[in-house]
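Engineer: 3D model of this:
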Amino acid sequence: MGLQRITVNAKVLGGKPIIKGTRIPVYLILELLASGMSGESIVKEYPELKHEDIKAALEYASRILRQEEVIPDQRI
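Structural biologist: As a prediction, the model looks like this:
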């Protein structure tokens with residue numbers, strides 16, 4: 001479980017989840033992956049990150065979304 005790599009502190013980046021020991025928010029990692037950047041490229045661009053941090057960001061997002069209530073589009 002990689003969630004121990006994620007931390008939330010109201011005094012850092014407005015309480016957004018970040019990678020522990022950095023000021024790199026989880027959402028940035030997700031945006032970079034969504035834009036097509038590889039994990040290898042992200043680690044090169046942000047050398048303070050490890051591949052485990054990228055996996056932890058994905059796991060965190062997955063767990064958050066699993067808890068979300070989805071309201072179906074009424075037009076369907």
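Engineer: remind me which residues of the chain are low pLDDT?
Structural biologist: In the predicted model of the chain, residues 1, 74-76 satisfy pLDDT under 70.
Engineer: helices along that one, start to end?
Structural biologist: Counting by DSSP state H, the segments of the chain that form helices are 26-34, 39-45, 51-67.
Engineer: pretty sure E52 contacts R5?
Structural biologist: Yes. The criterion here is CB atoms under 8 Å, and E52 meets it with R5 at 6.3 Å. Every C-beta, even on glycine, is put in place using the N, C-alpha and C of the backbone.
Engineer: picking up where we left off before, and of the helices of the chain, who's closest to I18?
Structural biologist: helix 26-34 (6.7 Å; CB to CB).
Engineer: got the contact list for the most centrally placed residue in the chain?
Structural biologist: Here the mean C-alpha position of the chain is nearest to the C-alpha of V26 (CA atoms, centre = their mean), at a distance of 2.6 Å. Contact criterion CB atoms under 8 Å, 6 or more residues apart in numbering gives I6, K16, P17, I18, I19, A57, Y60, A61 as the residues in contact with V26.
Engineer: go with 10 Å
Structural biologist: For V26, the contact set (CB atoms under 10 Å, 6 or more residues apart in numbering) comprises 5-8, 16-19, 53-54, 56-61, 64.
Engineer: from V70, how far out is the closest residue to A61 other than its chain neighbours?
Structural biologist: Counting by CB to CB, 6 or more residues apart in numbering, L30 is the residue found nearest to A61 once chain neighbours are left out, at 5.7 Å. From L30 across to V70, the span is 19 Å (CB to CB, to the nearest Å).
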